[in-house]
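> Got a predicted model here, sequence first, then my questions.
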Amino acid sequence: MALSRREFLVGSATACGTLLAMTVPRSEGLSTSTQGDSSKSLAEHAAAKGILFGTALRGSALKDPAYANLVASQCKIGVPESGLKWEPLRPAPDRYDFGAGDYLYQFSISHGMKYRGHTLVWEQALPPWFHNTVNAGNAKAMMLDHISVVVRHYAGKMHSWDVVNEALEPDNGRPDGLKNTPWLQMIGPEYIEMAFHAAHEADPKAMLIYNENWLEPEDRPTEKKRQAALALLTGLKKKGVPIHGLGLQSHLFAETVVGGPNLARFLDQIADLDLAIFITEMDIRDQHLVGSVESRDKTVARKYYEYLSFMLQRKAVKVVMTWGLSDRYTWLSQFSPRPDGSPVRPLPYDADLKPTPAWNAIAAAFDQASER
Ligand code: G3I
(Lines give C-alpha, C1' and ligand atoms only; values in the text may rest on other atoms or scores of the structure.)
Protein backbone atom coordinates (compact mmCIF):
# COMPACT_ATOMS: atom_id res chain seq x y z
CA MET A 1 0.00 0.00 0.00
CA ALA A 2 1.71 3.22 -1.18
CA LEU A 3 2.08 5.98 1.36
CA SER A 4 -0.67 8.59 1.08
CA ARG A 5 0.38 12.21 0.61
CA ARG A 6 -0.29 12.76 4.29
CA GLU A 7 1.82 9.82 5.36
CA PHE A 8 4.67 11.02 3.15
CA LEU A 9 4.38 14.56 4.54
CA VAL A 10 4.25 13.33 8.11
CA GLY A 11 7.17 10.99 7.63
CA SER A 12 9.46 13.48 5.91
CA ALA A 13 8.37 16.85 7.33
CA THR A 14 8.90 15.64 10.86
CA ALA A 15 12.31 14.26 9.97
CA CYS A 16 13.61 17.80 10.50
CA GLY A 17 11.74 17.76 13.76
CA THR A 18 10.34 20.75 15.59
CA LEU A 19 10.51 21.81 19.21
CA LEU A 20 8.75 19.33 21.44
CA ALA A 21 5.91 20.99 23.28
CA MET A 22 6.38 21.46 27.02
CA THR A 23 3.57 18.99 27.71
CA VAL A 24 5.52 16.02 26.33
CA PRO A 25 6.81 14.01 29.31
CA ARG A 26 10.59 13.77 29.31
CA SER A 27 11.91 10.30 28.69
CA GLU A 28 15.51 10.64 29.91
CA GLY A 29 14.73 8.48 32.91
CA LEU A 30 13.27 5.75 30.75
CA SER A 31 15.19 2.53 30.99
CA THR A 32 15.05 1.09 27.52
CA SER A 33 16.71 -2.15 28.49
CA THR A 34 15.20 -5.22 26.89
CA GLN A 35 14.61 -6.69 30.33
CA GLY A 36 10.94 -5.74 30.51
CA ASP A 37 9.31 -6.18 33.92
CA SER A 38 8.08 -9.55 32.73
CA SER A 39 6.73 -10.42 36.17
CA LYS A 40 3.57 -8.68 34.91
CA SER A 41 2.06 -8.68 31.43
CA LEU A 42 1.41 -5.48 29.53
CA ALA A 43 -2.29 -6.06 30.17
CA GLU A 44 -1.60 -6.26 33.91
CA HIS A 45 0.50 -3.08 33.84
CA ALA A 46 -2.44 -1.40 32.09
CA ALA A 47 -5.22 -2.92 34.20
CA ALA A 48 -3.57 -1.62 37.39
CA LYS A 49 -4.58 1.85 36.11
CA GLY A 50 -7.98 0.87 34.73
CA ILE A 51 -6.76 0.65 31.14
CA LEU A 52 -7.56 -2.22 28.77
CA PHE A 53 -4.55 -3.38 26.71
CA GLY A 54 -4.60 -5.63 23.66
CA THR A 55 -3.70 -6.07 20.05
CA ALA A 56 -4.91 -6.81 16.53
CA LEU A 57 -5.48 -10.51 15.81
CA ARG A 58 -4.55 -12.24 12.55
CA GLY A 59 -5.87 -15.77 12.10
CA SER A 60 -2.83 -17.00 10.17
CA ALA A 61 -0.49 -15.67 12.88
CA LEU A 62 -2.43 -17.34 15.69
CA LYS A 63 -1.75 -20.71 14.07
CA ASP A 64 1.84 -20.12 15.32
CA PRO A 65 1.53 -21.58 18.86
CA ALA A 66 4.36 -19.49 20.34
CA TYR A 67 2.78 -16.29 19.04
CA ALA A 68 -0.72 -17.33 20.11
CA ASN A 69 0.56 -17.98 23.64
CA LEU A 70 2.30 -14.60 23.69
CA VAL A 71 -0.89 -12.77 22.66
CA ALA A 72 -2.94 -14.70 25.21
CA SER A 73 -0.44 -13.93 27.98
CA GLN A 74 -0.02 -10.23 27.24
CA CYS A 75 -3.48 -9.06 26.14
CA LYS A 76 -6.95 -8.63 27.59
CA ILE A 77 -8.72 -7.51 24.40
CA GLY A 78 -8.41 -8.48 20.75
CA VAL A 79 -9.57 -6.97 17.47
CA PRO A 80 -9.50 -8.67 14.04
CA GLU A 81 -6.81 -7.05 11.88
CA SER A 82 -8.93 -7.93 8.85
CA GLY A 83 -11.43 -10.66 9.72
CA LEU A 84 -14.46 -8.42 10.16
CA LYS A 85 -13.99 -6.22 7.12
CA TRP A 86 -16.33 -6.46 4.15
CA GLU A 87 -13.89 -8.45 1.99
CA PRO A 88 -13.66 -11.58 4.22
CA LEU A 89 -17.23 -11.20 5.53
CA ARG A 90 -19.01 -10.84 2.20
CA PRO A 91 -18.03 -13.49 -0.39
CA ALA A 92 -21.12 -12.53 -2.40
CA PRO A 93 -23.78 -9.78 -2.32
CA ASP A 94 -26.28 -12.14 -0.68
CA ARG A 95 -23.85 -14.08 1.53
CA TYR A 96 -21.99 -13.62 4.84
CA ASP A 97 -19.01 -15.67 6.00
CA PHE A 98 -18.29 -15.28 9.72
CA GLY A 99 -15.55 -17.93 9.74
CA ALA A 100 -12.65 -15.58 10.33
CA GLY A 101 -14.52 -13.34 12.76
CA ASP A 102 -15.85 -16.27 14.78
CA TYR A 103 -12.41 -17.94 14.94
CA LEU A 104 -10.89 -14.80 16.41
CA TYR A 105 -13.85 -14.35 18.76
CA GLN A 106 -13.38 -17.90 20.06
CA PHE A 107 -9.65 -17.30 20.48
CA SER A 108 -10.35 -14.13 22.46
CA ILE A 109 -12.98 -15.47 24.84
CA SER A 110 -11.17 -18.78 25.36
CA HIS A 111 -8.22 -16.76 26.66
CA GLY A 112 -10.26 -14.44 28.84
CA MET A 113 -9.95 -11.55 26.40
CA LYS A 114 -12.64 -9.10 25.37
CA TYR A 115 -13.38 -8.70 21.65
CA ARG A 116 -13.90 -5.55 19.60
CA GLY A 117 -15.01 -5.21 15.99
CA HIS A 118 -13.21 -3.47 13.08
CA THR A 119 -14.77 -2.10 10.88
CA LEU A 120 -18.36 -1.81 9.65
CA VAL A 121 -18.01 1.06 7.14
CA TRP A 122 -14.72 1.81 5.33
CA GLU A 123 -13.80 2.60 1.75
CA GLN A 124 -11.08 -0.11 1.70
CA ALA A 125 -11.09 -3.93 2.02
CA LEU A 126 -14.27 -4.12 -0.04
CA PRO A 127 -15.07 -7.39 -1.87
CA PRO A 128 -14.45 -7.69 -5.64
CA TRP A 129 -18.19 -7.56 -6.40
CA PHE A 130 -18.74 -4.31 -4.48
CA HIS A 131 -18.07 -1.65 -7.09
CA ASN A 132 -20.13 -3.27 -9.83
CA THR A 133 -23.02 -4.12 -7.50
CA VAL A 134 -23.43 -1.27 -5.02
CA ASN A 135 -24.72 2.02 -6.41
CA ALA A 136 -26.56 5.18 -5.36
CA GLY A 137 -29.84 3.31 -5.56
CA ASN A 138 -28.99 0.49 -3.16
CA ALA A 139 -25.97 1.66 -1.15
CA LYS A 140 -28.00 2.78 1.90
CA ALA A 141 -29.87 -0.53 2.10
CA MET A 142 -26.68 -2.54 1.51
CA MET A 143 -24.81 -0.64 4.24
CA LEU A 144 -27.64 -0.85 6.78
CA ASP A 145 -28.24 -4.53 6.06
CA HIS A 146 -24.53 -5.28 6.50
CA ILE A 147 -24.41 -3.47 9.84
CA SER A 148 -27.61 -5.07 11.09
CA VAL A 149 -26.60 -8.65 10.20
CA VAL A 150 -22.98 -8.38 11.34
CA VAL A 151 -23.62 -6.52 14.61
CA ARG A 152 -26.56 -8.79 15.52
CA HIS A 153 -24.31 -11.81 14.92
CA TYR A 154 -22.13 -10.66 17.84
CA ALA A 155 -24.78 -8.80 19.85
CA GLY A 156 -24.03 -8.80 23.55
CA LYS A 157 -20.53 -10.21 23.01
CA MET A 158 -18.73 -7.22 21.48
CA HIS A 159 -16.83 -4.77 23.71
CA SER A 160 -16.99 -2.11 21.01
CA TRP A 161 -17.17 -1.53 17.27
CA ASP A 162 -15.26 0.73 14.96
CA VAL A 163 -18.49 1.70 13.21
CA VAL A 164 -16.97 4.09 10.65
CA ASN A 165 -13.27 4.16 9.78
CA GLU A 166 -11.25 6.96 8.12
CA ALA A 167 -14.10 9.14 6.83
CA LEU A 168 -12.14 12.41 6.92
CA GLU A 169 -9.77 14.00 4.41
CA PRO A 170 -9.71 17.84 4.40
CA ASP A 171 -7.49 17.70 1.29
CA ASN A 172 -10.56 16.52 -0.63
CA GLY A 173 -11.81 20.11 -0.35
CA ARG A 174 -15.22 19.67 1.29
CA PRO A 175 -16.12 22.30 3.92
CA ASP A 176 -16.96 19.49 6.35
CA GLY A 177 -13.59 17.79 5.70
CA LEU A 178 -15.26 14.49 4.79
CA LYS A 179 -13.34 12.12 2.53
CA ASN A 180 -14.88 11.57 -0.88
CA THR A 181 -15.48 7.85 -0.29
CA PRO A 182 -17.94 5.66 -2.25
CA TRP A 183 -20.22 5.75 0.80
CA LEU A 184 -20.30 9.55 0.77
CA GLN A 185 -20.83 9.67 -2.97
CA MET A 186 -23.65 7.12 -2.99
CA ILE A 187 -25.49 7.99 0.24
CA GLY A 188 -24.40 11.50 1.24
CA PRO A 189 -22.80 12.79 4.47
CA GLU A 190 -25.60 11.38 6.61
CA TYR A 191 -24.23 7.85 6.03
CA ILE A 192 -22.13 8.26 9.16
CA GLU A 193 -25.01 8.93 11.57
CA MET A 194 -27.10 6.24 9.85
CA ALA A 195 -24.33 3.71 10.49
CA PHE A 196 -24.11 4.54 14.19
CA HIS A 197 -27.90 4.37 14.67
CA ALA A 198 -28.04 1.01 12.90
CA ALA A 199 -25.19 -0.41 15.00
CA HIS A 200 -26.79 0.78 18.23
CA GLU A 201 -30.16 -0.71 17.28
CA ALA A 202 -28.47 -4.04 16.54
CA ASP A 203 -26.45 -4.13 19.77
CA PRO A 204 -27.30 -1.50 22.41
CA LYS A 205 -24.58 -2.90 24.67
CA ALA A 206 -21.58 -2.32 22.40
CA MET A 207 -19.58 0.90 22.66
CA LEU A 208 -19.61 2.60 19.25
CA ILE A 209 -16.39 4.22 18.09
CA TYR A 210 -15.43 6.53 15.22
CA ASN A 211 -11.90 5.46 14.18
CA GLU A 212 -9.45 7.77 12.38
CA ASN A 213 -5.84 7.91 11.29
CA TRP A 214 -3.21 10.68 11.29
CA LEU A 215 -4.74 12.81 14.05
CA GLU A 216 -1.62 12.61 16.25
CA PRO A 217 1.27 14.54 14.62
CA GLU A 218 1.77 18.07 15.94
CA ASP A 219 1.76 19.77 12.55
CA ARG A 220 -0.52 22.06 10.56
CA PRO A 221 -2.05 19.60 8.06
CA THR A 222 -3.02 17.37 10.96
CA GLU A 223 -4.54 20.31 12.84
CA LYS A 224 -6.96 20.77 9.91
CA LYS A 225 -7.93 17.12 10.20
CA ARG A 226 -8.34 17.38 13.97
CA GLN A 227 -10.67 20.35 13.52
CA ALA A 228 -12.72 18.36 11.01
CA ALA A 229 -12.88 15.42 13.42
CA LEU A 230 -13.98 17.68 16.27
CA ALA A 231 -16.69 19.24 14.09
CA LEU A 232 -17.92 15.82 12.98
CA LEU A 233 -18.09 14.41 16.51
CA THR A 234 -19.62 17.59 17.95
CA GLY A 235 -22.32 17.46 15.28
CA LEU A 236 -23.06 13.78 15.92
CA LYS A 237 -23.34 14.36 19.66
CA LYS A 238 -25.61 17.38 19.14
CA LYS A 239 -27.96 15.22 17.02
CA GLY A 240 -28.07 12.57 19.76
CA VAL A 241 -26.28 10.01 17.57
CA PRO A 242 -25.25 6.97 19.71
CA ILE A 243 -21.45 7.41 19.55
CA HIS A 244 -19.31 6.63 22.58
CA GLY A 245 -15.73 7.29 21.63
CA LEU A 246 -13.01 8.31 19.21
CA GLY A 247 -10.37 5.84 18.09
CA LEU A 248 -6.96 7.35 17.36
CA GLN A 249 -5.21 4.72 15.27
CA SER A 250 -1.74 5.97 16.38
CA HIS A 251 0.29 4.58 13.48
CA LEU A 252 3.31 6.81 14.15
CA PHE A 253 6.66 7.37 12.52
CA ALA A 254 9.51 7.24 15.05
CA GLU A 255 10.53 10.76 14.03
CA THR A 256 6.99 12.19 14.21
CA VAL A 257 6.66 15.04 16.68
CA VAL A 258 3.60 14.26 18.80
CA GLY A 259 2.30 15.35 22.16
CA GLY A 260 2.11 19.09 21.69
CA PRO A 261 -0.46 21.74 22.59
CA ASN A 262 -2.55 21.13 19.43
CA LEU A 263 -3.10 17.46 20.24
CA ALA A 264 -3.55 18.28 23.94
CA ARG A 265 -6.29 20.79 23.18
CA PHE A 266 -7.99 18.35 20.79
CA LEU A 267 -8.00 15.51 23.30
CA ASP A 268 -9.50 17.76 25.95
CA GLN A 269 -12.18 18.95 23.50
CA ILE A 270 -13.02 15.32 22.66
CA ALA A 271 -13.22 14.42 26.34
CA ASP A 272 -15.48 17.46 26.90
CA LEU A 273 -17.93 15.83 24.47
CA ASP A 274 -18.15 12.98 26.99
CA LEU A 275 -16.44 10.65 24.52
CA ALA A 276 -13.96 7.94 25.45
CA ILE A 277 -10.62 7.90 23.65
CA PHE A 278 -9.24 4.58 22.37
CA ILE A 279 -5.72 4.10 21.03
CA THR A 280 -6.75 1.53 18.44
CA GLU A 281 -3.80 0.57 16.18
CA MET A 282 -0.56 1.76 17.77
CA ASP A 283 2.76 0.94 16.17
CA ILE A 284 5.87 3.06 15.65
CA ARG A 285 7.50 2.91 12.24
CA ASP A 286 11.30 2.74 12.18
CA GLN A 287 11.28 2.91 8.38
CA HIS A 288 13.29 6.14 8.13
CA LEU A 289 15.65 5.49 11.06
CA VAL A 290 19.32 4.80 10.41
CA GLY A 291 21.94 3.32 12.72
CA SER A 292 22.26 0.09 14.67
CA VAL A 293 19.29 -2.04 15.68
CA GLU A 294 20.04 -1.10 19.30
CA SER A 295 19.91 2.65 18.60
CA ARG A 296 16.78 2.30 16.44
CA ASP A 297 15.08 0.26 19.14
CA LYS A 298 15.85 2.95 21.70
CA THR A 299 14.39 5.66 19.44
CA VAL A 300 11.23 3.62 18.91
CA ALA A 301 10.96 2.92 22.64
CA ARG A 302 11.41 6.59 23.47
CA LYS A 303 8.59 7.52 21.09
CA TYR A 304 6.29 4.87 22.61
CA TYR A 305 7.00 6.27 26.06
CA GLU A 306 6.59 9.91 25.08
CA TYR A 307 3.39 9.32 23.09
CA LEU A 308 1.71 6.93 25.51
CA SER A 309 2.64 8.96 28.60
CA PHE A 310 1.26 12.05 26.92
CA MET A 311 -1.98 10.34 25.91
CA LEU A 312 -2.51 8.67 29.30
CA GLN A 313 -2.46 12.05 31.01
CA ARG A 314 -6.10 12.08 29.83
CA LYS A 315 -8.35 9.80 31.87
CA ALA A 316 -10.63 9.57 28.83
CA VAL A 317 -8.06 7.15 27.34
CA LYS A 318 -9.51 3.78 28.31
CA VAL A 319 -8.20 1.31 25.72
CA VAL A 320 -4.69 0.92 24.27
CA MET A 321 -4.14 -1.52 21.40
CA THR A 322 -1.11 -2.18 19.26
CA TRP A 323 -1.51 -3.30 15.66
CA GLY A 324 0.03 -6.70 16.19
CA LEU A 325 2.30 -7.72 19.07
CA SER A 326 5.43 -8.92 17.26
CA ASP A 327 7.50 -7.76 14.29
CA ARG A 328 7.06 -11.31 12.99
CA TYR A 329 3.53 -10.41 11.86
CA THR A 330 3.44 -6.64 11.38
CA TRP A 331 1.66 -5.18 8.37
CA LEU A 332 4.57 -2.74 8.08
CA SER A 333 6.91 -5.45 6.73
CA GLN A 334 4.83 -5.42 3.55
CA PHE A 335 3.43 -1.88 3.52
CA SER A 336 6.35 0.16 4.91
CA PRO A 337 9.58 -1.81 4.49
CA ARG A 338 12.91 -0.23 5.37
CA PRO A 339 14.85 1.12 2.36
CA ASP A 340 17.93 -0.85 3.50
CA GLY A 341 15.89 -4.07 3.43
CA SER A 342 16.54 -4.84 7.09
CA PRO A 343 13.57 -6.12 9.13
CA VAL A 344 11.26 -3.48 10.53
CA ARG A 345 11.06 -3.29 14.34
CA PRO A 346 7.87 -1.36 15.25
CA LEU A 347 6.34 -3.52 17.99
CA PRO A 348 6.98 -4.59 21.62
CA TYR A 349 8.20 -8.06 20.57
CA ASP A 350 10.72 -8.70 17.81
CA ALA A 351 10.45 -11.36 15.10
CA ASP A 352 11.97 -13.89 17.52
CA LEU A 353 9.18 -13.04 20.00
CA LYS A 354 11.71 -11.42 22.36
CA PRO A 355 10.64 -8.25 24.22
CA THR A 356 12.15 -5.10 22.73
CA PRO A 357 12.85 -1.82 24.57
CA ALA A 358 9.40 -0.78 23.33
CA TRP A 359 7.90 -3.36 25.70
CA ASN A 360 9.61 -1.66 28.63
CA ALA A 361 8.55 1.76 27.42
CA ILE A 362 4.88 0.76 27.15
CA ALA A 363 4.97 -0.88 30.59
CA ALA A 364 6.64 2.21 32.07
CA ALA A 365 4.02 4.51 30.56
CA PHE A 366 1.23 2.40 32.10
CA ASP A 367 3.02 2.30 35.47
CA GLN A 368 3.33 6.07 35.53
CA ALA A 369 -0.24 6.76 34.40
CA SER A 370 -2.88 7.90 36.86
CA GLU A 371 -5.71 5.52 37.67
CA ARG A 372 -8.98 6.03 35.67
O1 G3I B 1 -6.96 -12.80 2.86
C2 G3I B 1 -6.32 -12.59 1.59
C3 G3I B 1 -5.67 -13.88 1.13
O4 G3I B 1 -6.69 -14.86 0.88
C5 G3I B 1 -4.87 -13.62 -0.14
O6 G3I B 1 -4.18 -14.81 -0.49
C7 G3I B 1 -3.88 -12.49 0.09
C8 G3I B 1 -3.16 -12.18 -1.21
O9 G3I B 1 -2.29 -11.10 -0.93
O10 G3I B 1 -4.58 -11.30 0.51
C11 G3I B 1 -5.26 -11.51 1.74
O12 G3I B 1 -5.92 -10.31 2.11
C13 G3I B 1 -5.04 -9.31 2.62
C14 G3I B 1 -5.54 -8.92 4.04
O15 G3I B 1 -4.75 -7.85 4.56
C16 G3I B 1 -5.50 -10.09 5.01
O17 G3I B 1 -4.16 -10.47 5.23
C18 G3I B 1 -5.13 -8.10 1.71
O19 G3I B 1 -4.56 -8.42 0.46
C20 G3I B 1 -4.38 -6.93 2.33
O21 G3I B 1 -4.60 -5.75 1.57
C22 G3I B 1 -4.90 -6.67 3.75
O23 G3I B 1 -4.13 -5.62 4.30
C24 G3I B 1 -4.66 -5.11 5.54
C25 G3I B 1 -5.12 -3.65 5.29
O26 G3I B 1 -5.57 -3.08 6.54
C27 G3I B 1 -6.28 -3.58 4.31
O28 G3I B 1 -7.39 -4.28 4.84
C29 G3I B 1 -3.52 -5.11 6.57
O30 G3I B 1 -3.16 -6.46 6.88
C31 G3I B 1 -3.99 -4.40 7.84
O32 G3I B 1 -2.92 -4.28 8.78
C33 G3I B 1 -4.48 -3.00 7.49
O34 G3I B 1 -4.98 -2.42 8.66
C35 G3I B 1 -5.48 -1.06 8.50
C36 G3I B 1 -6.71 -0.92 9.38
O37 G3I B 1 -7.69 -1.87 9.00
C38 G3I B 1 -7.25 0.50 9.30
N39 G3I B 1 -6.21 1.47 9.69
C40 G3I B 1 -4.98 1.36 8.87
C41 G3I B 1 -4.42 -0.05 8.97
C42 G3I B 1 -3.13 -0.16 8.19
O43 G3I B 1 -3.38 0.06 6.83
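That came in fine, so what should we check first?
> CA only for contacts and neighbour counts going forward, please
Will do.
> Could you work out the end-to-end span of stretch 174-182 for me?
Stretch 174-182 has an end-to-end distance of 15 Å (Cα to Cα, to the nearest Å).
> Next: stretch 168-187.
16 Å.
> let's have the chain start at 31 instead
Will do, 31 is the new start, and the previous item becomes stretch 198-217.
> now what about it, what contacts it?
Applying Cα atoms under 8 Å, 6 or more residues apart in numbering, the contact partners of stretch 198-217 are 153, 165-167, 169-170, 196-197, 219, 221, 242, 254-255, 258-259, 261-262.
> Once you drop chain neighbours, what's closest to Ala346?
With sequence-adjacent residues excluded and distances taken as Cα to Cα, 6 or more residues apart in numbering, Ala346 is closest to Ala306, at 5.0 Å.
> hang on, I meant Glu223
Counting by Cα to Cα, 6+ apart, the residue nearest Glu223 is Val271, at 6.2 Å.
> Just the pLDDT for whichever residue of the stretch 231-380 of the chain sits closest to the ligand.
Closest contact between the stretch 231-380 of the chain and the ligand, by Cα to the nearest ligand atom, is at Trp361 (4.7 Å). Trp361 carries a pLDDT value of 98.
> Next, count neighbours for the residue nearest to Glu223.
Per other Cα atoms under 10 Å, the neighbour tally for Val271 reads 17.
> Which strand or helix spans it?
Element membership of Val271 [criterion: DSSP states H and E] is none; it lies in no helix or strand.
> what about Ser366, how many neighbours?
Applying other Cα under 10 Å, I find that Ser366 has 17 neighbouring residues.
> Can you read off the backbone torsions of Tyr379?
Backbone geometry at Tyr379, expressed as degrees, to the nearest 10, gives phi -130, psi 140.
> check contacts around it.
Tyr379 makes contact with 355-357, 385-386, 388-389, according to Cα under 8 Å, 6+ apart.
> quick one: the helix or strand containing Leu150 near the ligand?
Assigned by DSSP H and E, Leu150 falls within strand 144-151. No. Strand 144-151 does not reach the ligand (Cα under 6 Å from any ligand atom); its nearest approach is 7.0 Å.
> residues contacting His227?
271-272.
> what does Arg326 give?
316, 319-320.
> Tabulate those residues (CSV), appending distance to Tyr335 and pLDDT.
Putting those into CSV (distance: Cα to Cα, whole Å; pLDDT from 0 to 100) gives the following:
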residue, distance to Tyr335, pLDDT
Asp316, 15, 97
Leu319, 17, 97
Val320, 20, 97
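> Let's see if you can find the most crowded of those residues.
Asp316 (25 neighbours).
> hang on, the earlier thing: could you list the paired strands of the strand holding Leu150 along with their orientation?
strand 107-110 (parallel), strand 190-195 (parallel) (DSSP bridges).
> sorry, back to before: let's see the ChimeraX selection covering just the buried ones among the contacts of Tyr379.
Burial among those is assessed by 16 or more other Cα atoms under 10 Å; the matching ChimeraX selection reads:
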select :355,356,357,385,386,388,389
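> between the contacts of Tyr379, which is nearest Thr310?
Checking the contacts of Tyr379 against Thr310 with Cα to Cα, the nearest one is Leu355 at 13.0 Å.
> next one: phi and psi at that closest one?
Here is the backbone geometry of Leu355 (degrees, to the nearest 10): phi -110, psi -20.
> That one touches Arg88, doesn't it?
No. Using Cα atoms under 8 Å, Leu355 is not in contact with Arg88; the gap is 10.5 Å.
> What about the contacts of stretch 198-217, which are in helices?
169-170, 221, 254-255, 258-259, 261-262 (DSSP state H).
> what does the stretch 231-380 of the chain have sitting close to the ligand?
Trp361.
> Just the helices from the stretch 231-380 of the chain, written as ranges.
Listed in chain order, the helices of the stretch 231-380 of the chain (DSSP state H, counting those that start in this stretch) span 250-268, 291-302, 323-341, 362-365.
> Can you give me the first-to-last residue distance of stretch 86-106?
For stretch 86-106, the end-to-end distance is 11 Å (Cα to Cα).
> Go through that stretch and flag the buried ones.
Within stretch 86-106, the residues that count as buried by 16+ other Cα under 10 Å are 86-89, 91-92, 97-98, 100-106.
> OK, contacts around the nearest residue to Gly131 once chain neighbours are set aside?
Leaving aside its chain neighbours, Gly131 sits nearest to Gly113 (5.1 Å; criterion: Cα to Cα, 6+ apart). Residues counted as contacts of Gly113 (Cα under 8 Å, 6+ apart) are 88-89, 119, 130-131, 134.
> and the residue nearest to Thr360 when sequence neighbours are not counted, what does it touch?
Excluding the flanking residues, the one nearest Thr360 by Cα to Cα, 6+ apart is Gly354, at 5.9 Å. Gly354 is in contact with 85-87, 360, 377, counting by Cα under 8 Å, 6+ apart.
> If we use 6 Å, what do you get?
Going by Cα atoms under 6 Å, 6 or more residues apart in numbering, Gly354 touches 85-86, 360.
> Run a quick neighbour tally on the residue in the stretch 81-230 of the chain that the ligand sits nearest to.
Residue nearest to the ligand within the stretch 81-230 of the chain: Ala155 (4.7 Å; Cα to the nearest ligand atom). Using other Cα under 10 Å, Ala155 is surrounded by 14 other residues.
> Appreciated, that's everything.
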